[in-house]
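# Okay, sequence plus prediction incoming.
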Number of protein chains: 2
Amino acid sequence: MNSVREQWVAYIYGLQDNICAALEMEDGEAKFLEDIWERPEGGGGRTRVMANGRVFEKGGVNISAVSGKVTDAMRSQLKMAASFADKELHWFACGLSLVIHPLNPFVPTVHCNYRMFEMYDLSLGEAGDPAAVVDRWFGGGTDLTPYYLIESDAIHFHRTYKHACEAFDPSFFPAFKQHCDDYFVNTHRANERRGIGGIFYDYQRPSAEKDVDFWMRFGQQCGNAFCDAYIPIVNARKHTPYNESQKHWQEIRRGRYTEFNLVHDRGTLFGLKTNGRIESILMSLPPTVRFEYNYLPTPNSEEDKLLQVCLHPKEWI
Amino acid sequence: MNSVREQWVAYIYGLQDNICAALEMEDGEAKFLEDIWERPEGGGGRTRVMANGRVFEKGGVNISAVSGKVTDAMRSQLKMAASFADKELHWFACGLSLVIHPLNPFVPTVHCNYRMFEMYDLSLGEAGDPAAVVDRWFGGGTDLTPYYLIESDAIHFHRTYKHACEAFDPSFFPAFKQHCDDYFVNTHRANERRGIGGIFYDYQRPSAEKDVDFWMRFGQQCGNAFCDAYIPIVNARKHTPYNESQKHWQEIRRGRYTEFNLVHDRGTLFGLKTNGRIESILMSLPPTVRFEYNYLPTPNSEEDKLLQVCLHPKEWI
């Protein structure tokens, strides 16, 4: 039987294929271009990007499977237990990361990320050997960033993930929705959220009750839910007519997206500071963006309605 | 006679007036709008912003004079001497900060900042009392970010600051040009510089040879040189015809400007993390920006020529 790592990697590769195919079909014109890259320190990735589609102005669906020696910087960043201090350790991480920026301001931007991390003690076996695994965790999430609030879309999106979560543990959905609202925050803008939520979970280590198979299946369930959660919204909104001022508002909100990703996002900053593949990391930035001094929407306008739910997160179901 | 602080504040207020008047005249149409703000912890500022001018697409010329109690966070960030550990200290900072984003891609973006910092030991007098000053430093600089390299403009800009520096110390210009090249760096992009240089100096404390009057006059000389350094370039280039693809390149480069300011700039990050006035801090972001996956100019094109001098800083004179 394949190792946990092999099963997860195979799943992630397949998920990238499935999501890319669904997005291409929904766009109807643009195709993903692929860049396969290697990391000098170990591993590599398969970056797939799309630009100037009929529906998707810019998008990336990236996977990577990278590995290396555990460095002192990592030991302190990951707050590793003292019992690991003298060991020779290697790490491995594999995940999918996706950001889609649609052209039409009535179609929301979406982000998702599903990943697994393993650590090996080289006194117990080679890097990658299941017998040498001394730590392992799973993390992930999907979150929605609309420019106009369409409540039925917000409800559909959250209901899809609630459903995915409930087969595993009824406490997951409320906890992971809360974690999502707490993470994607522009703290420098009075705690305005980047979007309207979704789910986010991190550092989930297998336990006696929730073993490795549980967390792997949970990650797969959430990954598989992406198309169900997002594609129907795209399909329903992609033909909505829009004007220049609505596009302008989309570009203002994309400015907030840029601020969050460059100032606060842990994954982006970790990548920028550890010699990650820059173009794959920064594919998340929106295609066109506006920054205007002190821009505020008219009170009670449709734009303001969106802003208010970013300032005051809501339970959608 | 006025205190050092009073003299510097008066200078900074006057400099804002002079620079705003010169920029309005050069634009010929747009006017600066003024926002006066107060900081709950002490002091405030006068933000002046311009948008959608004939020449300047977005610009801000901001001043602030702020003060407060020295906190533990400041003590460690400023690496303060142990001898200050038990004292009750207050700080004061006053400066001008300016960023101008022209519409025409042949007119460079410019940034400048001139500031003074004082610290008071409250056992020696009140906050602001010259007798209580236990530390003081000056900092500043002006740097140019063109989208197309016009060598004569680069030379004029640097020559103006070389001239300003040389009346004070012949070692200043080479040292401060180097410091500028070393500071405005997108380290995550193979050390690509934000622009083509200028001068930058920081933490300059008065000494027996270079007293407080020396550093105040030096800051004033550099501040006064701004219009001489920049306005003739604007005047010479503002009517240059340009096409959509040149505007596109300008927006790509503005993406790099955004990356530097949000990921690396100490002043911006300090402001975002210390409850600074967000809209005044982020006025530096360009009006319209593009982020494209793996965008590279054609080798040996005019766009590539600019990129090469950002990757390999040059001595212009």
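Happy to help now that I have it.
# Who are the contact partners of residue A:38?
Residue A:38 sits next to residue A:44 when contact means C-beta atoms under 8 Å, 6 or more residues apart in numbering or on different chains. Heads up, the C-betas are built off the backbone N, CA and C, glycines and all.
# Name the residue of the stretch 101-250 of chain A that lies nearest to chain B.
residue A:188 (4.1 Å; C-beta to the nearest C-beta).
# Who are the contact partners of that residue?
Residues in contact with residue A:188 (C-beta under 8 Å, 6+ apart) are A:259, A:263, B:272, B:273, B:278.
# and after the helix or strand of chain A with the lowest mean pLDDT, which helix or strand comes next?
Every helix and strand of chain A was ranked by mean pLDDT, DSSP states H and E. The lowest is helix A:72-77, at a mean of 78. Downstream of helix A:72-77, the next assigned helix or strand under DSSP states H and E is strand A:89-102.
# picking that back up, hmm, which of the contacts of residue A:188 are the buried ones?
The neighbour count (16 or more other C-beta atoms under 10 Å in any protein chain shown) marks A:259, A:263, B:272, B:278 as buried among the contacts of residue A:188.
# Now flag whichever of those is closest to residue A:309.
residue A:259 (18.1 Å; C-beta to C-beta).
# May I see the buried residues of the least confident helix or strand of chain A?
Here helix A:72-77 shows residue A:74 as buried, counting by 16+ other C-beta under 10 Å.
# Could you do stretch A:226-244 as well?
A:226, A:227, A:228, A:229, A:230, A:231, A:233, A:234, A:237, A:238, A:242.
# For chain A, what lies in contact range of chain B?
With C-beta under 8 Å from any C-beta of the partner chain as the criterion, chain A meets chain B at residues A:35, A:49, A:51, A:58, A:60, A:188-189, A:251, A:255, A:258-259, A:262-263, A:269, A:272-273, A:278-279, A:282-283, A:285-294.
# In helices, which of those appear?
A:251, A:255, A:258, A:259, A:269, A:272, A:273, A:278, A:279 (DSSP state H).
# Lowest pLDDT pick from those?
pLDDT across these is lowest for residue A:273, at 78.
# Excluding sequence neighbours, find me the nearest residue to residue A:236.
Distances taken as C-beta to C-beta, 6 or more residues apart in numbering or on different chains put residue A:153 closest to residue A:236, at 7.3 Å, once the chain neighbours are dropped.
# pretty sure the one you found is touching residue A:233, no?
Yes: assessed by C-beta atoms under 8 Å, residue A:153 is found in contact with residue A:233 at 4.7 Å.
# Overlap of the contact sets of the two?
residue A:108.
# Model confidence for residue A:1, exactly?
68.
# picking that back up, next, format the ones in helices among the residues of chain A next to chain B as JSON lines and append distance to residue A:106.
Shown next, in JSON lines, are these (distance: C-beta to C-beta, whole Å):
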{"residue": "A:251", "distance to residue A:106": "14"}
{"residue": "A:255", "distance to residue A:106": "19"}
{"residue": "A:258", "distance to residue A:106": "21"}
{"residue": "A:259", "distance to residue A:106": "23"}
{"residue": "A:269", "distance to residue A:106": "31"}
{"residue": "A:272", "distance to residue A:106": "32"}
{"residue": "A:273", "distance to residue A:106": "36"}
{"residue": "A:278", "distance to residue A:106": "32"}
{"residue": "A:279", "distance to residue A:106": "29"}
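# and the residue nearest to residue A:236, what does it touch?
Residue A:153 sits in contact with A:108, A:144, A:146, A:233, A:236, A:237, where contact means C-beta under 8 Å, 6+ apart.
# so what's the first one up against?
For residue A:108, the contacting residues are A:102, A:144, A:145, A:146, A:147, A:153, A:195, A:233, taking C-beta under 8 Å, 6+ apart as the criterion.
# No further queries at this time; thank you.
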